[in-house]
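A.B. asks: build me a model from this:
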Amino acid sequence: MARISQKRIGRRRGQTSSGGTPILLWTFIAMALFIACVFMFASSAIDAAAGNNDEVKLQIHPFISDHNDVENTEQKQGEHTIHQNMPPTNQVHEIHDGKEMGKEEPLASDILDASLEHRMNNDGEPYYHIVFSTDCSSFQKWQSYLLFYSAMKAKQPGSVTRIASGCTDEEEQAEQKFQDMISQTMSPHFKVHFTPHFSKVKDDKGNETGKDYKFFNKPFGLLHWLEHSEETLNNSDIVILLDPDQILTRPITNDFSDLQANVLPDKEPKTKVQHGSPFAQKYGFGASWLKLDVETITQDPKTPARISNGEAGKHFPAGPPYLATVKDFHLIAKHWAEFVPRVHKEHPHLMAEMYAFCIAAAHVKLPFQMVASLMVSNTGMGPRDEGWGLLTNVPDEDICSKDIMSKYPLPSVLHYCQRYIVGKHFYGKRRMPKDIFTCESPLLMEPPNDIHEKYDYFVPPHGTHGQDENKSLSKEGARRNAFMVCALTRMTNEAALFYQQHHCETKKDENIALDMWSLNKIMTSSL
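C.D. replies: Modelled structure (predicted):
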């Protein structure tokens with residue numbers, strides 16, 4: 001909890017007036033005023049100690065601080081420099097009945113929204129912020145639209161923010177226009193936050209090497225949003241960090257107590273995200289990050305990140321979705337951004353930013369409650385590693401049903417970072433037309449509902465080896481791949497129709513569909 005900064009009130013001693021007023025009289029008046037001030041201050045302190053939460057709120061904007069004294073600082077984050085210019089009017093404020101006590105009036109542009117409705121949902125839940133990091137490419141533009149649409153369909157509470165890094169001025173204008181369109185048609189709480197370009201790799205002297213590691217954008221973009229967001233962020237708000245190639249099947253909240261809908265690996269797991277208790281999807285890399293030189297990465301020979309393999313495998317093989325309070329996420333993000341360039345220097349590969357996250361969380365002593373059911377992605381994973389166990393409750397006839405998301409508790413997120421194929425029915429983000437959400441683009445060809453029963457094999461799409469090649473699928477593999485192909489294809493088409501209904505003068509020709517396996521347009525009437 002951020003401490004409330006108090007403004008010290010100076011007092012003048014009694015003094016003789018120019019009109020010769022007796023010093024004793026002025027002394028008496030001054031003592032009376034002093035006693036009154038002390039009484040008022042004590043009364044306020046008693047109310048605060050009593051936990052009068054209905055009248056007292058903490059607001060942090062646009063920076064997050066747990067310190068009374070806020071200074072202008074320049075923090076070195078690994079090989080990057082993050083500037084934190086923190087004017088006094090943006091410190092933590094104490095609010096009574098919507099008015100700031102003991103503070104100077106801020107500038108009009110810094111006036112904060114003090115409404116209770118902005119901070120809490122109608123049911124008393126904490127306020128939720130889903131965020132995801134992208135660049136400004138057309139490849140991640142359509143992914144962003146799909147994620148926003150899925151959040152709208154799932155009725156996700158709170159806000160959803162795309163963190164877009166490294167845009168040119170022209171790209172930023174185009175992306176803001178695109179986001180305004182999303183906000184107007186889906187939700188005013190769907191936003192975009194622009195950041196500088198963070199992905200350049202630098203050497204020990206801070207010089208650019210000419211190489212990029214695009215995943216630098218995630219920790220640095222998150223930190224930038226936490227410290228510069230136009231939204232009001234409270235320490236107890238819940239931040240949910242996703243990847244852009246993820247869609248929601250149901251709302252994500254801080255409550256995991258329903259063990260029929262959530263798979264928690266531990267015997268006595270935590271079930272609520274709160275201060276000191278972050279949650280995340282369990283990923284399959286175990287304690288492999290401990291092989292890195294964590295002492296050099298943290299620049300601390302006694303770093304708390306040097307833990308046992310057992311503890312590392314239990315609490316830190318974390319990946320998106322990540323959930324934590326604003327306070328905890330800010331603490332992790334500062335170290336994540338600091339450590340990730342050093343991790344990348346030692347391990348210049350795909351997993352560098354995820355390993356850096358584990359090291360940062362362990363270094364600040366924030367072990368994660370692992371959740372198996374938050375996400376599915378790899379159809380070959382075990383039911384206790386990803387949320388595939390929930391799919392065993394779905395009968396065969398409903399695997400490709402259009403009602404599956406409303407009828408059954410499914411993994412909260414579908415992470416389509418893999419390719420999914422049953423027979424020649426295919427879904428993969430790399431083959432998706434980048435203009436899928438336009439008036440001109442056709443819908444995707446939807447598979448029949450029984451593809452998992454028709455095929456016990458898959459055929460990689462043309463171009464993989466230059467020729468067709470049947471590869472076998474187990475019954476469970478066919479079910480899982482069919483589920484992903486059907487659910488992702490249907491969600492994409494729903495989003496495309498939503499776009500068409502709100503932005504196009506003519507309807508899409510549903511007699512023509514794009515076959516994702518061949519990338520040919522097919523007459524659906526001939527199927």
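A.B. asks: which residues of the stretch 1-150 of the chain score low on pLDDT?
C.D. replies: Filtered on pLDDT under 70, the stretch 1-150 of the chain yields the residue ranges 1-124.
A.B. asks: could you redo the last one with a cut-off of 80?
C.D. replies: For the stretch 1-150 of the chain, the stretches flagged by pLDDT under 80 are 1-125.
A.B. asks: what's the answer for the chain, then?
C.D. replies: For the chain, applying pLDDT under 80 flags the ranges 1-125, 200, 203-210, 383, 462-468, 525-527.
A.B. asks: longest helix in it, by residue count?
C.D. replies: When the chain is parsed with DSSP state H, its longest helix is helix 475-503.
A.B. asks: check which helices and strands that helix sits against.
C.D. replies: Packing contacts for helix 475-503, counted by 3 or more C-beta pairs under 8 Å, 6 or more residues apart in numbering; DSSP states H and E, involve helix 138-154, helix 169-185, helix 404-407, strand 413-415, strand 420-422, strand 425-427, strand 443-444, helix 451-454. Where you see a C-beta, it was placed from the backbone N, CA and C, and this is true even at glycine.
A.B. asks: export the ones you listed to CSV and tack on distance to residue 326 and mean neighbour count?
C.D. replies: What follows is the helices and strands packed on helix 475-503, written out as CSV (distance: least, C-beta to C-beta, whole Å; neighbours: other C-beta atoms under 10 Å):
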stretch, distance to residue 326, mean neighbour count
helix 138-154, 19, 21
helix 169-185, 22, 14
helix 404-407, 29, 14
strand 413-415, 21, 24
strand 420-422, 35, 26
strand 425-427, 35, 25
strand 443-444, 38, 21
helix 451-454, 42, 19
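A.B. asks: which strand or helix spans residue 306?
C.D. replies: Per DSSP states H and E: residue 306 is located in neither a helix nor a strand.
A.B. asks: how many residues are close by it?
C.D. replies: Neighbour count for residue 306, taken as other C-beta atoms under 10 Å: 16.
A.B. asks: cool, residue 281 as well?
C.D. replies: Counted by other C-beta under 10 Å, the residues lying close to residue 281 total 28.
A.B. asks: ditto for the one 10 residues further on
C.D. replies: Neighbouring residues of residue 291 were enumerated by other C-beta under 10 Å; the total is 10.
A.B. asks: the closest residue to residue 512 other than its chain neighbours: what's it in contact with?
C.D. replies: Sequence neighbours aside, residue 442 is the residue nearest to residue 512 in space, at 4.9 Å (criterion: C-beta to C-beta, 6 or more residues apart in numbering). Taking C-beta atoms under 8 Å, 6 or more residues apart in numbering as the criterion, residue 442 is in contact with 508-509, 512-514, 521.
A.B. asks: what's the answer for residue 384, then?
C.D. replies: Residue 384 touches 263, 265, 372, counting by C-beta under 8 Å, 6+ apart.
A.B. asks: again with residue 283
C.D. replies: 317-319, 354.
A.B. asks: rewinding a little: to residue 279, which of the helices and strands packed on helix 475-503 lies closest?
C.D. replies: With respect to residue 279, and counting by C-beta to C-beta, the nearest of these is strand 413-415 at 12.8 Å.
A.B. asks: other SSEs contacting that closest one?
C.D. replies: So strand 413-415, by 3+ C-beta pairs under 8 Å, 6+ apart, packs with strand 246-248, strand 318-325, strand 375-376, helix 475-503.
A.B. asks: thinking again about what came up before, closest to residue 436 out of the contacts of residue 283?
C.D. replies: For those, the nearest to residue 436 is residue 319 (26.2 Å; C-beta to C-beta).
A.B. asks: I'd assumed residue 351 was in contact with that closest one.
C.D. replies: No - using C-beta atoms under 8 Å, residue 319 is not in contact with residue 351, being 9.8 Å away.
A.B. asks: which of the two has more residues huddled nearby?
C.D. replies: For residue 319 versus residue 351, the count of surrounding residues by other C-beta under 10 Å is larger for residue 319: 22 against 17.
A.B. asks: quick one, phi psi at the nearest residue to that one once chain neighbours are set aside?
C.D. replies: Nearest in space to residue 319, with sequence neighbours left out and distances taken as C-beta to C-beta, 6+ apart, is residue 283 at 3.9 Å. Backbone dihedrals for residue 283, given as degrees, to the nearest 10, come out at phi -110, psi 170.
A.B. asks: residue 160 now?
C.D. replies: Here residue 160 shows phi and psi, under degrees, to the nearest 10, equal to phi -130, psi 130.
A.B. asks: name the SS class of the closest residue to it other than its chain neighbours, please.
C.D. replies: Using C-beta to C-beta, 6+ apart and skipping the chain neighbours, the partner closest in space to residue 160 is residue 130 (4.4 Å). Classification of residue 130 by DSSP: H, G, I helix; E, B strand; the rest coil places it in strand.
A.B. asks: partner residues bridging residue 130?
C.D. replies: Legend: beta-bridge partners of residue 130 under DSSP bridges are residue 160, residue 240.
A.B. asks: neighbours of it, just the number please.
C.D. replies: 26.
A.B. asks: so it touches residue 150, yeah?
C.D. replies: No - assessed by C-beta under 8 Å, residue 130 is found out of contact with residue 150, at 10.5 Å.
A.B. asks: hang on, the earlier thing: mean neighbour count, the helices and strands packed on strand 413-415: which tops it?
C.D. replies: Counting by mean count of other C-beta atoms under 10 Å, strand 375-376 has the highest mean neighbour count of these, with a mean of 27.
A.B. asks: for that one, packing partners?
C.D. replies: Packing partners of strand 375-376 (3+ C-beta pairs under 8 Å, 6+ apart): strand 318-325, strand 413-415.
A.B. asks: how about those in TSV, adding distance to residue 378?
C.D. replies: TSV is the format used below for these (distance: least, C-beta to C-beta, whole Å):
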stretch	distance to residue 378
strand 318-325	11
strand 413-415	9
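A.B. asks: that older thread, for residue 419, state which of the contacts of residue 283 is nearest.
C.D. replies: Nearest to residue 419 out of the contacts of residue 283 is residue 319 (C-beta to C-beta; 19.1 Å).
A.B. asks: contact partners for that closest one?
C.D. replies: Residue 319 touches 280-283, 354, 375, counting by C-beta under 8 Å, 6+ apart.
A.B. asks: what pairs with it across the strands?
C.D. replies: With DSSP bridges as the criterion, residue 319 is bridged to residue 281.
A.B. asks: before we move on, what about residue 212?
C.D. replies: Beta bridges link residue 212 to residue 200, judged by DSSP bridges.
A.B. asks: against residue 136, how distant is it?
C.D. replies: Separation of residue 212 from residue 136 (C-beta to C-beta, to the nearest Å) stands at 14 Å.
A.B. asks: circling back: for the helices and strands packed on helix 475-503, which one sits closest to residue 462?
C.D. replies: Nearest to residue 462, of the helices and strands packed on helix 475-503 and by C-beta to C-beta, is strand 425-427 at 10.4 Å.
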